[in-house]
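Undergrad: Starting from these lines, generate the structure:
(chains A and B)
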Amino acid sequence: MTLEKENTQVKNVLDKVTILYAGDSGDGIQLIGNQFTNNTALYGNDLSTFPDFPAEIRAPLGTLAGVSGFQINFGNSSIFTPGDLCDVLVAMNAASLKKNLSRLKKRGTIIVNTAGFDKKNLRLAGIDPADNPLTNSSLEGFKVHEIDITKMTRENLKESSLGSKERDRCKNMFVLGFIYWIYNRSLDSTIDFLERKFKGKQEVLQANLKVLKSGYHFADTSETFSNRFEVKPAEMQPGKYRNIVGNQATALGLIAAAHRSDMNLFYGGYPITPASDILHELAKHKNFGIKTFQAEDEIAGVCSAIGASFGGDLATTASSGPGIALKGEAIGLAVMMELPLVLVNVQRGGPSTGLPTKTEQSDLLQAMYGRNGEAPMPVIAAQSPSDCFEMAYEACRIAIEHMTPVFLLTDGYIANGAEPWKFPSAEALKPIVLKVKDARAEEDAPYLPYKRNEDLVREWAVPGTAGAEHRLGGLEKDKETGNVSYDPENHQEMVKIRAAKVNRIAKHIPKQELDSGTTSSKLLILGWGSTYGSIKTAAKELQSEGVDVAHAQIRYIHPFPENLGEILSNFDKVIIPELNDGQLIKLIRDRYLIDAKGLNKIKGLPFRAQEIKEEVLNHLK
Amino acid sequence: MPEVLKEKEQKKLSAKDFASDQDIRWCPGCGDYSILKQVQSVMPELGIPKEDIVFVSGIGCSSRFPYYMNTYGMHSIHGRATAIASGLKASRPDLSVWIITGDGDSLAIGGNHFIHLLRRNFNVNVLLFNNQIYGLTKGQYSPTSELGKKTKSTPAGSLDHPFNPLALSLGADATFIARSIDREPKHLKEILLRAERHQGTSLVEIYQNCNIFNDGAFSTFTDKTNKKENSVYLEHGKPLVFGAELDKGIILDGFHAKIVSLKDDNVSIDDLWVHDETDRNKANILVRFFEDNATDADARPRPFGIFYQEERGTYEDSLSQQLEQEVELKGAPDLNKLLAGANTWKK
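TA: Model prediction:
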């Protein structure tokens, strides 16, 4: 569809916009959020998204607990976070307005579905019907656009043969069409999507298309908005881009590593929020020879992967905190047997079942220390949705080249968040050196499965290799033969060797760099993983305001990059923002004996750049 | 194929070739020795190069087994051998995979993986050493210990109703269910051979005497004086006959088995229950044979042999087929296409 009336209204050009779509969890908020995201990416803006939804599949209708949100920040220059506060809040019902009003900027725009503010909805939202925010003066100062979206949708579909529930389900398309008009967008990407999604369901397809277009035209003809807005495409590094969601990027990273190392990819796992999408994505690409195995539980997930690794596959599993806890004993076995294994922990709020759909960085110490005995293993973390690709690839490379299980930490925030990705070509991927033992004559000498190279890495002999038959196990083993050994000296030596082996990986990972600022800056903000975007935005804003701060984001946590200590030694003040009660800070203080200060947010939500800025300014007073 | 591998295949192997150089650390007199010996002696008959054989075990006395086999092996963690073997077999359908487990390992801590292995029907062999006791932790009752059993952890007697491993396996849709015993080496070897030949998960329960903590648990079936009165050996297509003089038989009266005397009861051998390994309904009666009508349980002989087997596609075959189908459907893998996804734009 073309935008016939493109120039009929004055267009306001904006640098960036943050929209928060909010509604009941059955309102299709995530769907329109994703549609708008793809459309925005294709339009050429840089963007970052934050889907935020309840753990319940169908939480009680109309209640605060049932509110689902999708925030997108898009702009004409680099965007690193979904935005602190939003410019536009779409509220499909009273609960979604009540829950999210505090996230709206002063004088921000609210688009409400008035049908969601009837007595019943107000009561469900815990609002006295006499105190309807649409009629009392509580929304003064905001630009409020009231539309009876439900009624309009029904009007549109009067002739449709669909049932009333199915008709009402189309109302999210009205909102999407409405917003597309305001931001001067083409409907094409969504029309394509709907045609694919409802292939063979003509009636549903036509209803959705009709409502989508109706929302678009309504925005045009109703003159609700006197202006249309445009956010020009962003200046980005030249290259080919696509939109990518974190979990999808993780899956692609695993596939790419298997492809590059010419190995078969095995994934054993058990569904868990927010990690399941990795399994879903891998299962879509079985033509790559990927063996996805949905096991009977978390333990079988990791154990099947250990079996596959013993067999010579690139073996992987993913889970979240509770599942990782169950896998702990088996991970220790992989440490002991020194087999490659990639474990992805898509972290969520804990402890126990905690906050399944909310983000947190509170499993770092679990990854570092959550096993019995001295069981060190590499830990790395992704810092953005697209970085999940690179770090998943790195996790595989380290696991294969160093014969060790590797933890990759992501979290709900970047796992479900999206951003444009300048994707690499297969040919440009870093090589992965896979050395597997060749057959040998048994008569030569006894095979020594635990003989090591200069990096203390043992050899990988897989079943089927003649003359290299050997037995692995969880019992302590002799340092060369791998036979069971209870010898005190040998045990101490093996503990030290396993630790030294992991430490030597530091020689094979990139050096730490400052993301912004210099080593002579007054203060260093040191982050890890998914806080990257928030810290980067805060640091850049501070710098533009004349505050002399530097920012470093750690992606390799165990071992740390070799030069990290040297970098830290330049700063009198180091602040470590984390979405936990202080975990990286323990590792940093322990290793480098510096008086780093924590900034800890444990609300199941990512940092706002503003929160980091305020903390920095407090320390520089 | 590497030169070394070719040579291996041509070389005739003996049981000795399958023994590793490790000292065996089971208690003297343990039933495990006999099982190990039978497994080592059956290996050369399989015609599989030893580098293509893997033994995977969990934790427990029996789980030390892989250390004593000169094949590939893994002594894993408690209860998980079944899960590890599942991944191994999915990744390497070409290997001959043997799971060594005990009654605690497979039926207590590993119960979940055990039933799921059976329903998926990977082509692996499970040797379940059942000694009805926890040996490695020095004598607590196990999920197969009899009700009322007095052990260190149950001085006043156990309150747990025991598992019947074969009934459990049949309930989990196992495709090969057999029972043997450490003291009948010829029978054990025969069952092991059949187990390996079966395409699918072969569950072999092996009664194994723990002479330290549960000595004589199976003496009813091993003592020369009366074992023939107390055991019935199943053979496909043959009537169920037992007794020292082969003078007793079993007939089916509706859904109930009855013991008859071929001497006195006016029944001939032609009237007896003829064993049919492929009959699931009869297998259901057979696996519960000694529980049925508990009051005269002692009078019932315990069946040994193959209770049931069926042909059902293996998990790994289905997986391989699916992967091939996906290539036909979606085309050969193209990483560049995958990385680009459906929508890209240029900057």
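
Undergrad: which bits of the stretch 401-550 of chain A sit near chain B?
TA: Within the stretch 401-550 of chain A, the residues that sit near chain B (Cβ under 8 Å from any Cβ of the partner chain) are A:422-426, A:438-441, A:446, A:463-475, A:483-484. For every residue, glycine as well, the C-beta is placed using N, CA and C.

Undergrad: who's in contact with the closest residue to chain A within the stretch 101-250 of chain B?
TA: Using Cβ to the nearest Cβ, the single residue of the stretch 101-250 of chain B nearest to chain A is B:H116, 4.1 Å away. B:H116 makes contacts with A:295-296, A:300, B:82, B:86, B:172, as judged by Cβ atoms under 8 Å, 6 or more residues apart in numbering or on different chains.

Undergrad: quick revisit: filter the residues of the stretch 401-550 of chain A next to chain B down to the buried ones and express that as a PyMOL selection.
TA: Here is the PyMOL selection string for the buried members of those, based on 16 or more other Cβ atoms under 10 Å in any protein chain shown:
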select buried, chain A and resi 423+424+439+440+463+464+465+466+467+468+469+470+471+472+473+474+483+484
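
Undergrad: Does B:V126 belong to a helix, a strand or coil?
TA: Assigned with DSSP: H, G, I helix; E, B strand; the rest coil, B:V126 falls in the strand class.

Undergrad: I figured it was touching B:G200, is that so?
TA: No. B:V126 is not in contact with B:G200 according to Cβ atoms under 8 Å; the separation is 11.0 Å.

Undergrad: so which strand or helix has the residue of the stretch 101-250 of chain B closest to chain A?
TA: Element membership for B:H116 (DSSP states H and E) is helix B:111-120.

Undergrad: Now that helix - C-alpha only, CSV.
TA: Provided in CSV are the C-alpha atoms of helix B:111-120 (Å, rounded to 0.1, in the frame of the first residue of the first chain):
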residue,chain,number,x,y,z
GLY,B,111,13.9,-43.3,37.9
ASN,B,112,12.8,-40.5,35.6
HIS,B,113,15.5,-41.0,33.0
PHE,B,114,15.0,-44.7,33.1
ILE,B,115,11.3,-44.6,32.0
HIS,B,116,12.0,-42.0,29.4
LEU,B,117,14.9,-44.0,27.9
LEU,B,118,12.5,-47.0,27.5
ARG,B,119,9.7,-45.1,25.9
ARG,B,120,12.0,-43.4,23.4
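
Undergrad: what about A:K199, how many neighbours?
TA: Neighbours of A:K199 under the rule other Cβ atoms under 10 Å in any protein chain shown: 9.

Undergrad: How about it: what's its closest non-neighbour residue?
TA: Nearest in space to A:K199, with sequence neighbours left out and distances taken as Cβ to Cβ, 6 or more residues apart in numbering or on different chains, is A:L205 at 7.8 Å.

Undergrad: Identify all contacting residues around the helix or strand harbouring that neighbour.
TA: Assigned by DSSP H and E, A:L205 belongs to helix A:202-222. Helix A:202-222 is touched from outside by A:1, A:5, A:8, A:147, A:149, A:152-153, A:156-157, A:160-162, A:166-167, A:170-171, A:173-182, A:187, A:190-191, A:194-195, A:198-199, A:224-225, with contacts defined as Cβ under 8 Å, 6+ apart.

Undergrad: Which ones among those residues map onto helices?
TA: Applying DSSP state H to these, the entries found in helices are A:149, A:152-153, A:156, A:166-167, A:171, A:173-182, A:190-191, A:194-195.

Undergrad: which residues in the stretch 401-550 of chain A form strands?
TA: Using DSSP state E, counting those that start in this stretch, the strands of the stretch 401-550 of chain A run over A:405-411, A:418-422, A:471-473, A:523-528, A:549-554.

Undergrad: picking up where we left off before, please write out the alpha-carbon positions of the helix holding A:L205 in PDB.
TA: Listed in PDB are the C-alpha atoms of helix A:202-222, where the atom choice follows Å, rounded to 0.1, in the frame of the first residue of the first chain:
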ATOM      1  CA  GLN A 202      -8.800 -16.000   4.500                       C
ATOM      2  CA  GLU A 203     -11.500 -14.800   6.900                       C
ATOM      3  CA  VAL A 204      -9.000 -14.000   9.700                       C
ATOM      4  CA  LEU A 205      -6.600 -12.500   7.200                       C
ATOM      5  CA  GLN A 206      -9.100 -10.200   5.700                       C
ATOM      6  CA  ALA A 207     -10.400  -9.100   9.100                       C
ATOM      7  CA  ASN A 208      -6.900  -8.200  10.300                       C
ATOM      8  CA  LEU A 209      -6.000  -6.400   7.100                       C
ATOM      9  CA  LYS A 210      -9.200  -4.400   7.200                       C
ATOM     10  CA  VAL A 211      -8.700  -3.300  10.800                       C
ATOM     11  CA  LEU A 212      -5.100  -2.500  10.200                       C
ATOM     12  CA  LYS A 213      -6.000  -0.200   7.300                       C
ATOM     13  CA  SER A 214      -8.900   1.200   9.100                       C
ATOM     14  CA  GLY A 215      -6.600   2.300  12.000                       C
ATOM     15  CA  TYR A 216      -4.300   3.800   9.500                       C
ATOM     16  CA  HIS A 217      -7.000   5.800   7.700                       C
ATOM     17  CA  PHE A 218      -8.700   6.800  11.000                       C
ATOM     18  CA  ALA A 219      -5.500   8.500  12.100                       C
ATOM     19  CA  ASP A 220      -5.400  10.300   8.800                       C
ATOM     20  CA  THR A 221      -9.000  11.400   8.600                       C
ATOM     21  CA  SER A 222      -9.900  11.900  12.200                       C
END
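
Undergrad: Strand partners (parallel or antiparallel) of the next helix or strand after it?
TA: Sequence-wise, the next helix or strand downstream of helix A:202-222 (DSSP H and E) is strand A:228-231. Using DSSP bridges, strand A:228-231 pairs in its sheet with strand A:11-14 (parallel).

Undergrad: got any ranges where chain B has weak pLDDT?
TA: Chain B contains residues with pLDDT under 70 at B:1-10, B:265, B:292-299.

Undergrad: make it 50
TA: B:1-6, B:8, B:293-295, B:297 (pLDDT under 50).

Undergrad: how about the helices in it?
TA: Secondary structure of chain B, counting by DSSP H: helices at B:3-10, B:32-46, B:81-91, B:103-104, B:111-120, B:165-171, B:185-197, B:227-230, B:280-287, B:315-330, B:335-340.

Undergrad: Could you tell me which residues within the second one count as buried?
TA: Put plainly, it is helix B:32-46. Across helix B:32-46, burial judged by 16+ other Cβ under 10 Å covers B:32-44, B:46.

Undergrad: Of these, which fall within the contact range of chain A?
TA: Within the buried residues of helix B:32-46, nothing lies near chain A by Cβ under 8 Å from any Cβ.

Undergrad: quick check, nearest of these to chain A?
TA: B:M43 (12.3 Å).

Undergrad: so who does the closest one touch?
TA: Residues counted as contacts of B:M43 (Cβ under 8 Å, 6+ apart) are B:13, B:15, B:17-18, B:50, B:53, B:71.

Undergrad: ok, what's across the strand from the nearest residue to B:L240 once chain neighbours are set aside?
TA: Nearest residue to B:L240 in three dimensions, chain neighbours excluded: B:I250, at 4.0 Å (Cβ to Cβ, 6+ apart). On the basis of DSSP bridges, B:I250 is bridged to B:I259.
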